[in-house]
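> got a predicted structure plus its sequence, pasted below:
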2 protein chains.
Amino acid sequence: MQSLLHHISQYSPLDAPSIEALRTSLQKKHLAKGDFLTTEGKICDHVYFLEKGCLRGYYNLDGKEVSYWFALENNFVTSFYSFISRHPCVENIQAVEDCVMWGISHKQLQSLYDKSPGIERLGRVMIERYYMMLEERFARNHFKEARERYDNLMTHSPEILQRIPLRYIASYLGITQETLSRIRSKG
Amino acid sequence: MQSLLHHISQYSPLDAPSIEALRTSLQKKHLAKGDFLTTEGKICDHVYFLEKGCLRGYYNLDGKEVSYWFALENNFVTSFYSFISRHPCVENIQAVEDCVMWGISHKQLQSLYDKSPGIERLGRVMIERYYMMLEERFARNHFKEARERYDNLMTHSPEILQRIPLRYIASYLGITQETLSRIRSKG
DNA sequence: CTCCCTTTTTGACATATGTCAAATGATGTT
DNA sequence: AACATCATTTGACATATGTCAAAAAGGGAG
């Protein structure tokens, strides 16, 4: 829990009562490698802070799995679309390594937002950050060739390359595994 | 201004004092077709609500313009990255048609957030919405061929096709103008 | 209407990437 | 060590898309 509290304090500090309220709303959750946090068709009712491990979000396209995000330590994990909109989610979220996470339900979070303006600000600032990160990723891939997208990944997220299997990374980059393999072999 | 107030009331209703505070912070802005709202390298200090007209955001890549978003009526316009992070923006924002907009400065908005939890909530809910829309666009383009991206655009944003010149749309879809032309000619 | 300029389309060709199949390499189990 | 299983690489080929140049189409000014 310390890592979560430390993490959020970097973005929007909370007063003691808000921290306490947050603390009591969080539940610890463990996930073994290969386990699912949620699957296609369910409404994602929790958002989790990832303290240890990594996960991927993927969906099925014509019988093939397309990984479209990865989460490493100190990030929030959920199907944002489903969590925010309360609609069934399109993706599956699976642990790529054993994970330790702290979760809060949608209902509890809304209640914290009502009780504490500080927590609502934290929520705003966090989603702003995630918006910027998504935009950055989008821009790095838009109108770029496979080679360049791979280079960008190496530069900006080398840890993903070290911890996530290649077959997942290929679809993350929007290319086939064979193309990724050839790019890598050409140094 | 009515269209803005009506728009936001759909997402997060405000009490009368908050509406009044918001109202006095907004300034009307006109832009003629071809004018720039902001250019590369400046810090985007305002966010605008687009009442009438349309705009595009684009950046220069190897001497070519790459349009990477369009905004139509009833949307908020700024370089979100720059507005949120306070860093110089990478993109140029240009009016594709004559525009009428309502703007608020970053400083004024932060002050409204401090004064009114209702406005802070509105801010959170809005950026959540924009996050979802960006994710949706990302997913619709990820691992998809040119043809499919074009079809998705026709299905989900037909108005863009009617109002934005094709040369801008091509780079928006991440393809060349020639490829777009050929896709269109094959019905 | 005609001219000029910009936008869009078309053609010929080069290159990048996908597809399918097979080979190689890695990992864990007995 | 030998095997089974899964992950990655390689090869041959098909297809999609980019590039460059030219032609055609469209739109505004006189």
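Received the coordinates, thanks.
> next up, the contacts around the residue in chain A that chain B sits nearest to.
The nearest approach of chain A to chain B comes at A:Arg124, 3.9 Å away (Cβ to the nearest Cβ). The C-beta positions use only the backbone N, C-alpha and C, and glycine is treated the same way. By Cβ atoms under 8 Å, 6 or more residues apart in numbering or on different chains, A:Arg124 lies in contact with B:Tyr113, B:Glu120, B:Gly123, B:Arg124, B:Ile127.
> and those, which is closest to DNA strand D?
If you rank the contacts of A:Arg124 by distance to DNA strand D using Cβ to the nearest atom of the strand, B:Ile127 comes first, at 31.2 Å.
> list the contacts of the closest one.
If you count contacts by Cβ under 8 Å, 6+ apart, then B:Ile127 has A:Arg124, A:Ile127, A:Glu128, A:Tyr131 around it.
> residue ranges for the helices of chain A, please.
Ranges of helices in chain A, per DSSP state H, are A:2-9, A:16-25, A:80-85, A:106-115, A:117-141, A:146-156, A:158-163, A:166-172, A:177-185.
> would you convert those into a markdown table that also reports distance to A:Ala95?
Converted to a markdown table, the helices of chain A look like this (distance: least, Cβ to Cβ, whole Å):
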| stretch | distance to A:Ala95 |
| --- | --- |
| helix A:2-9 | 18 |
| helix A:16-25 | 23 |
| helix A:80-85 | 18 |
| helix A:106-115 | 21 |
| helix A:117-141 | 20 |
| helix A:146-156 | 21 |
| helix A:158-163 | 12 |
| helix A:166-172 | 12 |
| helix A:177-185 | 21 |
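> possible to save the ones you listed as TSV with mean pLDDT?
Output for these, formatted as TSV (pLDDT from 0 to 100):
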stretch	mean pLDDT
helix A:2-9	97
helix A:16-25	98
helix A:80-85	98
helix A:106-115	98
helix A:117-141	97
helix A:146-156	97
helix A:158-163	95
helix A:166-172	96
helix A:177-185	97
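> for chain A, what lies in contact range of DNA strand D?
Contact residues, chain A versus DNA strand D (Cβ under 7 Å from any atom of the strand): A:Pro165, A:Leu166, A:Arg167, A:Gln177, A:Glu178, A:Leu180, A:Ser181, A:Arg182, A:Arg184, A:Ser185.
> and if we set it to 6 Å?
Residues of chain A found near DNA strand D (Cβ under 6 Å from any atom of the strand) are A:Pro165, A:Leu166, A:Arg167, A:Gln177, A:Glu178, A:Ser181, A:Arg182, A:Arg184, A:Ser185.
> okay if I get these as a markdown table plus distance to DNA strand C and neighbour count?
Listed next are the residues of chain A next to DNA strand D as a markdown table, based on distance: Cβ to the nearest atom of the strand, whole Å; neighbours: other Cβ atoms under 10 Å in any protein chain shown:
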| residue | distance to DNA strand C | neighbour count |
| --- | --- | --- |
| A:Pro165 | 11 | 11 |
| A:Leu166 | 11 | 11 |
| A:Arg167 | 11 | 13 |
| A:Gln177 | 8 | 14 |
| A:Glu178 | 4 | 9 |
| A:Ser181 | 9 | 14 |
| A:Arg182 | 7 | 13 |
| A:Arg184 | 12 | 13 |
| A:Ser185 | 12 | 7 |
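> what is the nearest of those to B:Val90?
Using Cβ to Cβ, A:Arg184 is the member of those that sits closest to B:Val90, with 28.7 Å.
> re earlier: which two of the contacts of B:Ile127 have the greatest separation?
A:Arg124 and A:Tyr131 (10.5 Å).
> excluding covalently adjacent residues, which one is nearest to A:Thr176?
Distance criterion Cβ to Cβ, 6 or more residues apart in numbering or on different chains; nearest residue to A:Thr176, sequence neighbours excluded, is A:Ala170 at 5.9 Å.
> ok, now which ones touch that neighbour?
A:Thr176, A:Gln177, A:Thr179, A:Leu180 are the contacts of A:Ala170 under Cβ under 8 Å, 6+ apart.
> and which of those residues is nearest DNA strand D?
Nearest to DNA strand D, judged by Cβ to the nearest atom of the strand, of those is A:Gln177 at 4.8 Å.
> tell me the contacts of that closest one?
A:Gln177 touches A:Leu166, A:Arg167, A:Ala170, counting by Cβ under 8 Å, 6+ apart.
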